[in-house]
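Asker: Here is a sequence with its predicted model. Questions after.
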Amino acid sequence: MKLPCWLKHFIVVAGLALSVPAGFAHDAISAEARKSYLGKLDELHRTAQSSATPAARASARFQTGKILTEIRGLLNEDIMSHGKTQGLETLTLVNQLNASPNKLAISNYTKLYLADLQAWRDAIALDPRAKHVTVARFMLFKDYFYDSFTDNPLQPIKEDKQTLLEMISLGELLLPMKDAAVDAEEVTFILAVHYLKAAESGALPKAKCQNRFAELLQKFKNTWADSLKLSTLEALSSP
């Protein structure tokens, strides 16, 4: 299906907005901020690679994910606003990250920086009972989704059945979670889209996907009736 231009713009901007940390979106990267980012990342990398307890290494990977999310948000905001990253300190930060274990990849399709999903995966795997696990799962779920397509979420750039089923399981796990850091509307939206893809690709029985999508859509109507995401789901599911 062909999406309206307004809907494509909303989906892309919504994904970007979720990656831009509050209080940072319009601030230039100073020399002090650059040094602070790199110093913290270096320290966290040493901890993650050390013989520290799994809990300590998991925490280090989680904090790494948070810092890289901040940096990624700043870089993508720059690209969206100006077409490229700019400023001496920003460019220096990018070059130094590229020479470190924390290099951020750029999408060949959107030309934006991609999330470091491995940091979230490590934070979950190393200490599955840690307090940060729910947030790490949410970040993995959200970041994977918004990096997986260009302008139509039903047309992922590259997605295999195993990954799609993993994300559906992750979304179902997150759905009942009561955590201020987990956006229930976002989880419901992304999970509903995944069920549409699963129905279309045959990853799950079509009837099961249609029934689950209908339940999630009804939840949207009951809970977030004024949300643009509801309009998006209705447009995506229309013939």
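Answerer: Received the coordinates, thanks.
Asker: can we go C-alpha only for contacts and neighbour counts from here?
Answerer: OK.
Asker: Against which helices or strands is the biggest helix by length in the chain packed?
Answerer: Using DSSP state H, we find that the single longest helix of the chain is helix 54-82. In terms of contacts (3 or more C-alpha pairs under 8 Å, 6 or more residues apart in numbering; DSSP states H and E), helix 54-82 is packed against helix 5-19, helix 31-48, helix 117-126.
Asker: again, only this time at 7 Å
Answerer: Helices and strands touching helix 54-82, by 3 or more C-alpha pairs under 7 Å, 6 or more residues apart in numbering; DSSP states H and E, are helix 31-48, helix 117-126.
Asker: Name the helix or strand for the most centrally placed residue in the chain, please.
Answerer: Central residue of the chain (C-alpha atoms, centre = their mean): Asp143, 1.2 Å from the mean position. Assigned by DSSP states H and E, Asp143 belongs to helix 133-147.
Asker: what comes up buried for that helix?
Answerer: Using 16 or more other C-alpha atoms under 10 Å as the burial criterion, the residues of helix 133-147 that qualify are 133-147.
Asker: What of stretch 194-210?
Answerer: Quick answer for stretch 194-210 (16+ other C-alpha under 10 Å): 194-199, 203-204, 206, 209-210.
Asker: cool, stretch 115-129 as well?
Answerer: 115-116, 119-124, 126-127.
Asker: export that stretch as CSV, just CAs?
Answerer: Extracted as CSV, the C-alpha positions of stretch 115-129 are listed here (Å, rounded to 0.1, in the frame of the first residue of the first chain):
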residue,chain,number,x,y,z
ALA,A,115,20.8,2.5,17.4
ASP,A,116,23.3,0.2,19.0
LEU,A,117,21.0,-2.8,19.7
GLN,A,118,23.8,-5.0,21.0
ALA,A,119,24.1,-2.8,24.1
TRP,A,120,20.5,-3.5,25.0
ARG,A,121,20.8,-7.2,24.2
ASP,A,122,23.9,-7.5,26.4
ALA,A,123,22.3,-5.6,29.3
ILE,A,124,19.4,-8.1,29.2
ALA,A,125,21.4,-11.3,28.7
LEU,A,126,24.0,-10.6,31.4
ASP,A,127,21.5,-9.9,34.2
PRO,A,128,17.9,-10.8,33.2
ARG,A,129,16.6,-9.9,36.7
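Asker: if we can go back for a sec, quick one: average pLDDT of the longest helix of the chain?
Answerer: Across helix 54-82, pLDDT averages out at 95.
Asker: Okay, buried residues for that helix please.
Answerer: Under 16+ other C-alpha under 10 Å, the buried positions of helix 54-82 are 54-79.
Asker: just to revisit the earlier point, I'd like the distance between the residue nearest to the centre of the chain and Asp122.
Answerer: Taking C-alpha to C-alpha, to the nearest Å as the measure, Asp143 falls 15 Å from Asp122.
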